[in-house]
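Asker: need coordinates for the below:
(one chain, ligands or ions: 1)
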Amino acid sequence: MPVTLDKRFADAMGGLLGPSFPSDVALAVSGGGDSMAMLLLAHNWTRAWGVRLHVVTVDHGLRPESAAEAQMVAEECALLGHPHTILRWRWDGTGNKLDAARRARLRLIDAWRGQIAHVLLAHTRDDLAETFLMRLARGAGLDGLSAMQPLRALASGMTLVRPCLGMARAELRHYATVLKSPFVDDPSNDDPAYVRARMRALLPLLQTHGFARETLAETAEHLRAERAALNARAADIWNRFGAQDGPVLSLHPDWAAQTEVATQRRLLNAALRYVAGAEYGPRAAPLDALVSRVTSGGAGTLHGCDLQFVNGRLTIFREYASVAQMCGTVDDTSETANWDTSWTVKAPDLKGFTLRALGQDGWDQLPREHREGLRHRVALAWPSVWQGDHLTACAGLTDAENHGISFRHRGQGEISFARFLLSH
Ligand SMILES: Nc1ncnc2c1ncn2[C@@H]1O[C@H](COP(=O)(O)OP(=O)(O)OP(=O)(O)O)[C@@H](O)[C@H]1O
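Answerer: From the prediction side, this is the model:
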């Protein structure tokens, strides 16, 4: 079996990232059987391709053993010769514990990865079937039911890669066992307090009534293909009618007449998620209302975005009201700071500066010549750097005008909307 699984892993990686592989990829390894098997598979694979692996474990501190488990992964990585990082997180006791941990994990890995775009996760065919059932129980639509994709670009520029989606959990655990890899079993995987664990327990029962796990996984894959086809149609419309100017998207007024409603919804859903840097799109009813409004010439706001007609084009940008409260003072000697998920601010030293949205008071402080050519409503939501009440720099101005402080939106280079649209 190990040989077969190595070949399947290599084929999956070739299909997802080939033919020219990135020089570096990150691997999220919890210490569980699936991700420890993935570590070995990736290790064997990189030997053939010369790709550098960077392994990361998030110690959630939710169980007393978590630090030792992270250490176990560190030791295995040392044996295999790959760099390993432990990121620590502590739950503040609010919200759903596992959900909060998952979100924090992605956020921490995103902040840690630096220039590495691809992060490999060890989700299996069993996870695919379980997730499908969970989403079905919640009455999800196409996006929810086809949620687990082998390749998923996030608005932040991080791309999640799931090369083990075609493999069963039992196969991966067997692989890890045969190769004598240590791994741990997280007891929360079987704790009926969690919905995923309940679905996991339900699957064998369903199987006896003719609902094969494989069929559920296949249905999820069929829906994924439908979703990909819809994304491709939306991308085609975008390529014909759309334009991106950093964080601002716009569409030629003819776009709506050429596009059926399902594709209009798809395109706007993706645009809202992209501009707001949101993990999920808006709910169906408000999205439908927005689509009918903007396709008949009206403006609107939804999901942290503002949609206005500017010079005849439907223009989509960050809504000021959604970022007006985001304000933080940098308290260490950092050269970079992140703002509103999609912006990076760089300066020789940001210590003591405050980062917030420009707002009307910031706009009023911009020299008149700097305001020319800027759009007031768009600019209000821009990140800006302040010293007390004094505006020092803001996005939309040149680095020289900003005294060497630079603002970079992830749409400027790292991940364009066109790319996001095809792989979200
Ligand atoms: N604490 C963690 N640190 C790093 N990566 C993690 C962590 N927890 C989960 N992951 C990554 O996310 C994937 C899916 O997470 P999930 O919680 O569903 O994993 P799991 O079923 O416990 O899997 P595994 O057996 O691989 O740990 C894992 O396969 C792994 O790649």
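
Asker: name the SS class of the residue in the stretch 101-250 of the chain that the ligand sits nearest to, please.
Answerer: Proximity of the stretch 101-250 of the chain to the ligand (C-beta to the nearest ligand atom) peaks at A122, 3.1 Å away. Yep, even glycine has a C-beta here, placed from its N, CA and C like the rest. Using DSSP: H, G, I helix; E, B strand; the rest coil, the structure places A122 in coil.

Asker: got the contact list for it?
Answerer: A28, V29, G32, D34, S35, A37, M38, R162, C164, L172 (C-beta atoms under 8 Å, 6 or more residues apart in numbering).

Asker: quick check: bridge partners of the third one?
Answerer: Read that as G32. V184 (DSSP bridges).

Asker: so who does the residue of the chain found nearest the ligand touch?
Answerer: Relative to the ligand, the nearest point of the chain is G32 (2.2 Å; C-beta to the nearest ligand atom). Neighbouring residues of G32 by C-beta under 8 Å, 6+ apart: A122, F183, V184, D185, D186, N189.

Asker: could I get the pLDDT score of the last one?
Answerer: For N189, the model assigns a pLDDT of 82.

Asker: ditto for the fifth one
Answerer: Model confidence at D186, expressed as pLDDT, equals 82.

Asker: just give me the neighbour total for it.
Answerer: 16 (other C-beta atoms under 10 Å).

Asker: same deal with the fourth one?
Answerer: For D185, the tally of surrounding residues (other C-beta under 10 Å) stands at 11.

Asker: can you verify my assumption that it contacts G33?
Answerer: Yes - counting by C-beta atoms under 8 Å, G33 is a contact partner of D185 at 7.1 Å.

Asker: surely G157 forms part of a strand?
Answerer: No - judged by three-state DSSP, G157 forms no part of a strand; its state is coil.

Asker: switch to numbering from 85
Answerer: Let's use 85 as the start, then, which means that last one is G241.

Asker: now it: how far from L235?
Answerer: 14 Å (C-beta to C-beta, to the nearest Å).

Asker: around the ligand, pick out the residues from the chain.
Answerer: Residues of the chain found near the ligand (C-beta under 6 Å from any ligand atom) are 112-114, 116-119, 140-142, 144, 189, 205-207, 211, 270, 273.

Asker: that older thread, among the contacts of G116, which one lies nearest to E153?
Answerer: The nearest member of these to E153, counting by C-beta to C-beta, is V268 at 5.1 Å.

Asker: these two touch, right, the closest one and M156?
Answerer: Yes - between V268 and M156 there is a contact under C-beta under 8 Å: 7.0 Å.
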